[in-house]
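Peer 1: after the sequence you'll find the predicted model.
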Amino acid sequence: MSAAESCFWTPRRRPGAALRAVCFPHAGGDALSYASLARALPDDIEVLALRMPRPGDRRAEPAPDLATFAGRIARVLADLAPPYMVVGQSLGALIAFEAARAAPGTPPTACLFISSAPPHRWAETLGIYAADGADRALLSHLRDSDGTMGAALDDPAVRALVLRDLRADLRLLQGYAASVEPRLTCPVRVLVGAEDPALSPDDVAGWSRWTSGPCSVASVPTGHFVVRHGEAFVVQEITRVATAGFTTEGEGCSTRRSAGGSQSTPPRPPTARPSCPPRAS
């Protein structure tokens with residue numbers, strides 16, 4: 001098994017792909033959360049979805065911290081044939097960012113960060129959710145962010161599995177401190193749900209500090225879990241990279257609302273929020 005195969009799952013292999021979208025799931029999520037997106041994308045785009053290490057997983061031992069984990073992924077990214085882009089939702093956006101800027105060789109063509117605060121905000125707020133005894137806060141955040149999960153979380157067995165995976169992912173944040181350098185050099189696009197209880201366009205505009213390339217923000221009419229509930233919008237953004245690159249509005253993070261398509265971008269379908277704790281993703 002190659003290093004890429006041990007780190008990433010490819011839902012649909014497309015050897016002649018013009019672009020590879022390397023996708024990072026939200027906290028508590030896994031590679032399967034990108035299966036539907038892979039089917040929805042055009043045939044010339046291949047999805048590589050990160051396998052999050054889980055307790056007892058023989059394929060990938062859990063990393064002691066985010067820097068170590070991102071370093072492992074960065075070495076795999078360095079072996080990918082360009083062009084590729086990174087796509088991350090919530091905690092996945094932070095992991096994607098750290099891996100992309102640590103990767104030697106050819107950088108990603110673009111970064112698409114979804115429902116995620118910029119790195120310095122994670123460092124400020126996530127200690128609460130990585131600490132022992134934070135289960136109640138985590139469950140409350142999940143219920144607020146995705147109303148469809150309520151019934152599932154009422155099942156003790158499901159709740160235990162969800163909390164186990166959340167704790168495993170959030171443990172990566174212990175001791176995390178965001179360093180400004182090195183910055184990304186590629187364009188950054190940020191999506192935030194207009195109904196996200198934890199984030200606003202102003203919150204995510206801080207991503208402009210972390211790239212020397214252009215940065216733009218789109219507010220879409222959904223909640224936190226954008227990949228799941230706003231799939232068509234994510235497809236549109238990834239396809240744009242494959243064809244013409246992100247449309248940005250000058251330097252720095254500009255914000256445009258995408259509730260009905262009244263701006264220069266096409267109409268946006270409903271979107272939702274990320275699966276990281278409030279205020280941090």
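Peer 2: Arrived safely.
Peer 1: what residues does the helix or strand where residue 67 lies touch?
Peer 2: Counting by DSSP states H and E, the element that carries residue 67 is helix 66-78. The contact list for helix 66-78 (C-beta atoms under 8 Å, 6 or more residues apart in numbering) reads 3-4, 7-8, 22, 50, 53, 63, 84, 86, 94-95, 98-100, 102-106, 108, 172-173, 176. C-betas here are computed from N, CA, C, even on glycine.
Peer 1: which residues of this protein fall in strands?
Peer 2: Assigned by DSSP state E, the strands in the chain fall at 8-9, 19-24, 45-50, 84-89, 111-114, 188-193, 215-220, 253-257.
Peer 1: in helices, which of the contacts of helix 66-78 fall?
Peer 2: Under the assignment DSSP state H, those contribute 3, 4, 7, 94, 95, 98, 99, 100, 102 to helices.
Peer 1: put the alpha carbons of stretch 187-198 into PDB.
Peer 2: Output of stretch 187-198 as PDB, limited to C-alpha atoms (Å, rounded to 0.1, in the frame of the first residue of the first chain):
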ATOM      1  CA  PRO A 187      -5.500  31.800  -3.500                       C
ATOM      2  CA  VAL A 188      -7.800  31.000  -0.500                       C
ATOM      3  CA  ARG A 189     -11.600  30.800  -0.700                       C
ATOM      4  CA  VAL A 190     -13.600  30.600   2.500                       C
ATOM      5  CA  LEU A 191     -17.200  29.500   2.700                       C
ATOM      6  CA  VAL A 192     -19.300  30.200   5.800                       C
ATOM      7  CA  GLY A 193     -23.000  29.400   6.400                       C
ATOM      8  CA  ALA A 194     -25.200  32.400   7.000                       C
ATOM      9  CA  GLU A 195     -27.000  30.300   9.700                       C
ATOM     10  CA  ASP A 196     -23.900  29.000  11.400                       C
ATOM     11  CA  PRO A 197     -24.400  29.600  15.100                       C
ATOM     12  CA  ALA A 198     -20.600  29.800  15.700                       C
END
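Peer 1: list the buried residues of it.
Peer 2: Buried residues in stretch 187-198, counting neighbours by 16 or more other C-beta atoms under 10 Å, are found at 187, 188, 189, 190, 191, 192, 193, 194, 195, 196, 198.
Peer 1: tell me the two of those that are most distant?
Peer 2: Spanning the widest gap among the buried residues of stretch 187-198 are 187 and 195, at 26.1 Å by C-beta to C-beta.
Peer 1: quick one: residue 190 and residue 214 touch, right?
Peer 2: No - using C-beta atoms under 8 Å as the test, residue 190 is too far from residue 214 to be in contact (11.4 Å).
Peer 1: rewinding a little: and the ones in helices among the contacts of helix 66-78, which are buried?
Peer 2: By 16+ other C-beta under 10 Å, the ones in helices among the contacts of helix 66-78 give 7, 94, 95, 98, 99, 100, 102 as buried.
Peer 1: what is the nearest of these to residue 180?
Peer 2: Distances from residue 180 to these, taken by C-beta to C-beta, are shortest for residue 98, at 12.6 Å.
Peer 1: spatially nearest residue to that closest one, not counting backbone neighbours?
Peer 2: Nearest non-adjacent residue to residue 98, counting by C-beta to C-beta, 6 or more residues apart in numbering: residue 70, 3.7 Å away.
Peer 1: number of residues surrounding residue 201?
Peer 2: Residue 201 has 19 neighbouring residues, counting by other C-beta atoms under 10 Å.
Peer 1: my guess is it contacts residue 217. True?
Peer 2: Yes - with contacts counted by C-beta under 8 Å, residue 201 reaches residue 217, the gap being 5.3 Å.
Peer 1: quick one: the helices in the stretch 151-281 of the chain?
Peer 2: Here the stretch 151-281 of the chain has its helices, by DSSP state H, counting those that start in this stretch, at 156-170, 201-204, 226-229, 231-243.
Peer 1: confidence score at the closest residue to residue 82 other than its chain neighbours?
Peer 2: Of all residues not flanking residue 82 in the chain, residue 106 sits nearest, at 4.5 Å (C-beta to C-beta, 6+ apart). Note for residue 106: predicted pLDDT of 85.
Peer 1: again, but for residue 278
Peer 2: For residue 278, pLDDT reads 33.
Peer 1: before we move on, what about residue 193?
Peer 2: Turning to residue 193, the model gives it a pLDDT of 93.
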